[in-house]
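*Asks:* What follows is a protein structure lacking sequence information:
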């Protein structure tokens, strides 16, 4: 079976992996959700080399995950805030934390709990759900070509079906 | 406000970022969900240098995300499969794809659709939900110290509350 590189296909996952597939980028994102917003705040929290921090912040600005604005009008100090797109990475950040709590720590040893303000109760585990709310595992779904699928992607997905791998 | 490094705290997110915060690692994970299971299968799909692929596969084995087994008993060719822990990264992989579809592509241009086998309909967007099913954004939750929180983490979370940042 000849398999063309997925990486060069119009694959959303690969493009997101290109943006977020970096330890420091992910830690900046986590801190942004904690409410950290200044260069010095990120620097104090992460204790990373200055050039790495600046590079990763620039990449997150470029990717439209963070936006930068003056602390006050006319002042040359800036704050970094999550954009609408950035805020929608919340499920990803929560699912990473929950996975680590479950698989890397002992039972009932989670360092941080996410509490729903309205009910004062922990949030649910992030899951893939069907329209009717059923919880889905990978084997419960098929990968079908969508409206943006290239010819190569159509072929790749057909091959997966044929080989019974999907 | 003096802020101790979060990275060295017992923070699940930081440990997961250490494992998954790499572009090639994430692409291997995606391929494993597509059903790719051999070294040559990953190599053909990703077209990455051999040493990088071997390094990332080893790290995923070490982290307990993949497991390796002989293709047949007594044969020295191996297959890589997701472990139980690895399969539970499904919501993370789906949420990355959905975020990319929504924010990096034009409307209704997703290359791949995840279809629930039972109903033949696309899966729901992965979301953070309250126990009663309400959808939660970051501002709807608080970050509270859990049973595994260190003293430093208690202090850090209190400071966030005090500063009104959380």
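*Replies:* Nice, I can see it. Since the structure is predicted, the reported quantities are computational estimates derived from the model, not experimental observations.
*Asks:* Okay, and the residue nearest the centre of chain A sits in which element?
*Replies:* Nearest residue to the geometric centre of chain A (CA atoms, centre = their mean): residue A:92, 4.3 Å. Under the criterion of DSSP states H and E, residue A:92 resides in helix A:90-103.
*Asks:* Between helix B:90-103 and that helix, find me the angle.
*Replies:* For helix A:90-103 against helix B:90-103, the angle by axes from the mean of the first three to the mean of the last three CA atoms, to 10 degrees is 170 degrees.
*Asks:* and helix A:90-103, what does it pack onto?
*Replies:* With contacts defined as 3 or more CB pairs under 8 Å, 6 or more residues apart in numbering or on different chains; DSSP states H and E, the packing partners of helix A:90-103 are helix A:23-34, strand A:112-116, helix B:12-20, helix B:90-103. C-beta here means a position set from N, CA and C on the backbone, and glycine is covered the same way.
*Asks:* what residues does it touch?
*Replies:* A:20, A:26, A:29-30, A:33, A:109-112, A:114, A:123, A:125-126, B:12-13, B:15-17, B:20, B:64, B:85, B:88-89, B:91-92, B:95-96, B:99, B:126-128, B:137-138, B:146 (CB atoms under 8 Å, 6 or more residues apart in numbering or on different chains).
*Asks:* which residues in chain A form strands?
*Replies:* Here chain A has its strands, by DSSP state E, at A:66-70, A:78-82, A:112-116, A:121-122, A:141-145.
*Asks:* Tell me the pLDDT of residue A:5.
*Replies:* At residue A:5, the pLDDT value in this model is 45.
*Asks:* now do residue A:148
*Replies:* 88.
*Asks:* Need phi/psi at it.
*Replies:* phi -100, psi 20 (degrees, to the nearest 10).
*Asks:* how near is residue A:129 to residue A:63?
*Replies:* Distance, residue A:129 to residue A:63, using CB to CB, to the nearest Å: 27 Å.
*Asks:* ok, back up a step: just so I know, which of the helices and strands packed on helix A:90-103 lies nearest residue A:155?
*Replies:* helix B:90-103 (19.4 Å; CB to CB).
*Asks:* pLDDT (mean, whole number) over that closest one?
*Replies:* Helix B:90-103 comes out at a mean pLDDT of 96.
*Asks:* do stretch A:153-166 as well
*Replies:* In the prediction, stretch A:153-166 has an average pLDDT of 70.
*Asks:* cool, and stretch A:63-75?
*Replies:* Per-residue scores along stretch A:63-75 average to 92.
*Asks:* Endpoints of it, how far apart?
*Replies:* End-to-end distance of stretch A:63-75 (CA to CA, to the nearest Å): 25 Å.
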